[in-house]
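Novice: what follows is a predicted protein model with its sequence.
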Amino acid sequence: MITIMAAAAWLIGLSDASAAAANGVAGEPPWDMAERERLIRAKVDQLVAAGATAVREESYGDQLGHVVMNDPEGDEFCVA
């Protein structure tokens, strides 16, 4: 099973080794989680303006994990 952080690292082209090297701590993400949340919320706002509907937010601990949304036709997708 792939974790959300591993999936995010894969999407931006980071391996576990390069992620650890980027910030010097194994297993820690090399990005600012507050910035990540800001970017997710900005994208959600753009999608709502384009006709999508925010259904719910999923959090992992105190961090926003992803936002579940529906497109105008009712298909579910996530912004992460």
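Specialist: That came through, no problem.
Novice: same question for the lengthiest helix in the chain, mean pLDDT?
Specialist: In the chain, taking DSSP state H as the definition, the longest helix is helix 33-49. In this model, helix 33-49 has an average pLDDT of 95.
Novice: just after it, pick out the following helix or strand.
Specialist: strand 53-60 (DSSP states H and E).
Novice: residues in contact with that following strand: which ones?
Specialist: Around strand 53-60, the neighbours that count as contacts under CB atoms under 8 Å, 6 or more residues apart in numbering are 4, 44, 48, 64, 65, 66, 67, 68, 69, 70, 76. To be clear about C-beta, it is placed using only N, CA and C from the backbone, and glycine gets the same treatment.
Novice: picking that back up, so for the longest helix of the chain, what gets flagged as buried?
Specialist: With burial defined by 16 or more other CB atoms under 10 Å, the residues of helix 33-49 counted as buried are 40, 44, 47.
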